[in-house]
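Q: coords below, sequence missing:
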């Protein structure tokens, strides 16, 4: 026990410090959300006034609507893209290692860099639209970045480019772990490649699918730097997301109490995703232990 003490210290001390930091600041934020704090924290009690103000604000309503659209579109499309890439790589094609590296590369790029580069590409004055115009197609239009109705989809595109490699890596690991005897049995029964994947292989990937969905949803709910660098919430407030509302209230309007309330609402949305997933994982472990 004494000989393993340094190992325990290396593991538990940082873990406990991180947990204490997370819990203490979460409690502090919750407390601030019930006070009339503006530029600096103050004592006092205003009940749910800050929450009512945030929920009734146009910024939050637009941000929540955008979160629903962005979350659903981003998660579904990144899931499909990652699965398709994983299936293609699972064919043992030549140059697989190079392609896998290319698909995973966006994960190594920060969201700020991703947002900045995509803002250049999608800018009508310097990006794809200008390039096509210079090639002679003057009637071509791709101005989603400055179109209030389409700007949210530029964030979806950039987020899919950034995160599909993560889904691909998990799905590929799942595909490579499928029992080959099951695949051979399906082939002996006359199942072709498409039917083998659809009927035999893909149903075994549902635990990985749930994990990918939860991780991607967590990113969608807390997305800030990608949106800040790509659209900055614009045009106007057309691409506002909850994290940008928190930033705007706290650091631009100096409404600390309302910003804290918005942050707590974000936390509740995250918990609505993470707690069912944690319960599902707990049930899975219990069933595996009793199997």
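A: Okay, I see it. Keep in mind the model is a prediction, meaning the values are calculated, not measured.

Q: what's the burial count for residue 11?
A: 10 (other CB atoms under 10 Å). Any C-beta I mention is one placed from the backbone N, CA and C, and that applies to glycine too.

Q: quick one: residue 224 and residue 244 touch, right?
A: Yes - between residue 224 and residue 244 there is a contact at 6.5 Å, judged by CB atoms under 8 Å.

Q: how far away is residue 177 from residue 202?
A: 13 Å (CB to CB, to the nearest Å).

Q: those two: who's more crowded?
A: Using other CB under 10 Å as the criterion, residue 177 and residue 202 rank with residue 202 on top: 17 against 10.

Q: got a pLDDT number for the more buried one?
A: Model confidence at residue 202, given as pLDDT, is 86.

Q: got it, and the one 3 residues further on?
A: According to the predicted model, the pLDDT of residue 205 comes to 90.

Q: tell me who's in contact with it.
A: If you count contacts by CB atoms under 8 Å, 6 or more residues apart in numbering, residue 205 has them with 171, 174, 175.

Q: what about this structure, any weak spots by pLDDT?
A: By pLDDT under 70, the low-scoring segments of the chain are 1-3, 291.

Q: where do the helices sit along it?
A: 5-32, 49-56, 58-89, 96-104, 111-122, 128-134, 151-176, 180-188, 193-196, 206-222, 225-230, 242-247, 256-290 (DSSP state H).

Q: any idea how far the first one is from the chain center?
A: This points to helix 5-32. How far helix 5-32 lies from its chain's middle: 24 Å, per CA atoms, centre = their mean, to the nearest Å.

Q: wait, residue 197 sits on residue 88?
A: No - applying CB under 8 Å, one finds residue 197 not in contact with residue 88, separated by 11.5 Å.

Q: the more surrounded of the two?
A: residue 197 (20 against 14).

Q: and stretch 89-100, end to end?
A: Taking CA to CA, to the nearest Å, stretch 89-100 runs 8 Å from one end to the other.

Q: just the helices of the chain: most buried one?
A: Greatest average neighbour count among those goes to helix 242-247 (a mean of 23), per mean count of other CB atoms under 10 Å.

Q: contacts for that helix, please.
A: 54, 57, 59-60, 63-64, 67, 221-224, 227-228, 233, 259, 262-263, 265-266, 269.
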